[in-house]
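Trainee: Build the 3D model from these lines:
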Amino acid sequence: MRSLILLLVASILSVTVAGLACGNQGLLGNSRPKKFVGACNRSDSKGKRSSHNCVTKAQGTKYLCVLSGKATCIEGANHIVHMNMEGGECFL
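Mentor: Numbering: from 1, shown residues only. Predicted structure coming up:
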């Protein structure tokens, strides 16, 4: 929950046009010991996208963003669109 709050605060304070840049190094895959982070399950991955394209073009409902080394799975289409993030991973 604390990570989600930090993401929200960072999103609100972000003044760049491009949005908040996620630090994802790759897709959630076999290198991770667990098959999921929160509700983001790697079998539902739609690849790396911006948060708004995750919802509008891939019909995603979850978005994985890594900030300061901490992975957070954000749920809810409306919430994802308004986060204005780039470089995260989209999930059904």
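
Trainee: Which stretches in this protein count as strands?
Mentor: 20-21, 36-37, 40-41, 45-49, 62-67, 70-75, 85-86, 88-91 (DSSP state E).

Trainee: State the mean pLDDT of the last one.
Mentor: Think strand 88-91. The predicted model gives strand 88-91 an average pLDDT of 94.

Trainee: give me every residue that touches residue 39.
Mentor: Residue 39 is in contact with 62, 73, 75, 91, counting by CB atoms under 8 Å, 6 or more residues apart in numbering. In this view, the C-beta of every residue, glycine as well, is placed from N, C-alpha and C.

Trainee: which intervals of the protein have sub-threshold pLDDT?
Mentor: 1-18, 29-36 (pLDDT under 70).

Trainee: Pull out the buried residues from the contacts of residue 39.
Mentor: Buried by 16 or more other CB atoms under 10 Å: 62, 73, 91, out of the contacts of residue 39.

Trainee: coming back round to it: most tightly surrounded among the strands of the chain?
Mentor: Mean neighbours per residue, mean count of other CB atoms under 10 Å, is largest over the strands of the chain for strand 88-91, with a mean of 28.

Trainee: Okay, now the sheet partners of that strand, with direction.
Mentor: strand 45-49 (antiparallel), strand 62-67 (antiparallel) (DSSP bridges).

Trainee: what residues does the longest one touch?
Mentor: Translated: strand 62-67. Residues from elsewhere that reach strand 62-67 (CB under 8 Å, 6+ apart): 3, 6-7, 10, 20, 22-25, 28, 37-40, 44, 51, 54, 71-75, 80, 83, 85, 87-92.
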